[in-house]
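Colleague: from the sequence below, what's the structure:
(one chain, ligands or ions: 1)
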Amino acid sequence: ADVAAPAPAPPPYAMPGEEAVAPYTPDPRNLGARPFAGQAMARAFHGRAGIERIVTRMVADARADPAISEIFVNQDMVRLRRTLTEQICAILNAGCTYSGRDMASAHKDLGIRRADMNRLVELLQHAMTAEGVGFAAQNRLLARLAPMHDEVVER
Ligand code: HEM
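Modeller: Below is the predicted model:
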């Protein structure tokens, strides 16, 4: 006789303080990059706390930047800070699991151009420098993010 598999627990689509999002299937592949091995990168970024400071600064700067702020209007910044922190923390092997959407779904219809991507990378570099992350470690992270361009940029 067929025995139905137990229903999986509902994933945390949204955490307290976040807006609801349409259901999706959390998947390790949504991370979009191969995580680093070892602890050197996590240490260079001062662990999850350092990554959180970097993301907080970058998101605040993006929202204030005349060139790209429009893209962030009416978007859930609480969720964006959480999922971006999870994603970078997971890539740096700093002890997080990424629970967000894949990059193509997350950026669909945002109309992001190559120039917007370049600007956000500059803001990320500024935030990493402000955190005291060395340039070699900065560039190692950027090299893991770079292949995601095609999924994020629409035109
Ligand atoms: C490699 C580059 C990028 C990465 C790794 C990245 C990462 C992420 C992540 C993890 C999310 C949240 C996914 C979720 O909610 O489940 C997200 C959403 C978002 N990203 Fe990016 N992003 C990148 C480039 C950009 C650029 C260039 C812009 C605009 C200048 C941008 C604007 C946004 C906005 C507005 C959202 C919120 C969308 C929504 O909630 O519907 N992203 N991104």
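
Colleague: now stretch 74-84, how far from the chain's geometric center?
Modeller: 9 Å (CA atoms, centre = their mean, to the nearest Å).

Colleague: CA atoms only: put it into PDB for me.
Modeller: The C-alpha trace of stretch 74-84 is given here as PDB (Å, rounded to 0.1, in the frame of the first residue of the first chain):
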ATOM      1  CA  ASN A  74       8.600  49.700  -2.100                       C
ATOM      2  CA  GLN A  75      10.900  46.700  -1.600                       C
ATOM      3  CA  ASP A  76      11.100  45.000   1.800                       C
ATOM      4  CA  MET A  77      14.500  46.100   3.200                       C
ATOM      5  CA  VAL A  78      14.100  44.000   6.300                       C
ATOM      6  CA  ARG A  79      13.900  40.900   4.200                       C
ATOM      7  CA  LEU A  80      16.700  42.100   1.900                       C
ATOM      8  CA  ARG A  81      19.100  42.700   4.700                       C
ATOM      9  CA  ARG A  82      18.400  39.300   6.200                       C
ATOM     10  CA  THR A  83      18.600  37.300   3.000                       C
ATOM     11  CA  LEU A  84      21.600  39.100   1.700                       C
END
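
Colleague: touching the ligand at all, that stretch?
Modeller: Yes. Counting by CB under 6 Å from any ligand atom, contacts between stretch 74-84 and the ligand involve 75, 76, 79, 80, 83, 84. The C-beta positions use only the backbone N, C-alpha and C, and glycine is treated the same way.

Colleague: so is the closest residue to the ligand within the chain in a helix, a strand, or just coil?
Modeller: Here the residue of the chain nearest the ligand is residue 100; by CB to the nearest ligand atom that distance is 3.0 Å. Secondary structure for residue 100, judged by DSSP: H, G, I helix; E, B strand; the rest coil, is coil.

Colleague: show me what contacts it?
Modeller: 26, 30, 79, 83, 86, 87, 106 (CB atoms under 8 Å, 6 or more residues apart in numbering).

Colleague: for the most centrally placed residue in the chain, give me the pLDDT.
Modeller: Nearest to the mean C-alpha position of the chain, by CA atoms, centre = their mean, lies residue 84 at 2.7 Å. For residue 84, the pLDDT comes out at 98.

Colleague: mind listing what's buried along the helix or strand hosting it?
Modeller: Residue 84 is part of helix 77-91 when elements are defined by DSSP states H and E. Residues of helix 77-91 classed as buried: 79-91 (neighbour count, 16 or more other CB atoms under 10 Å).
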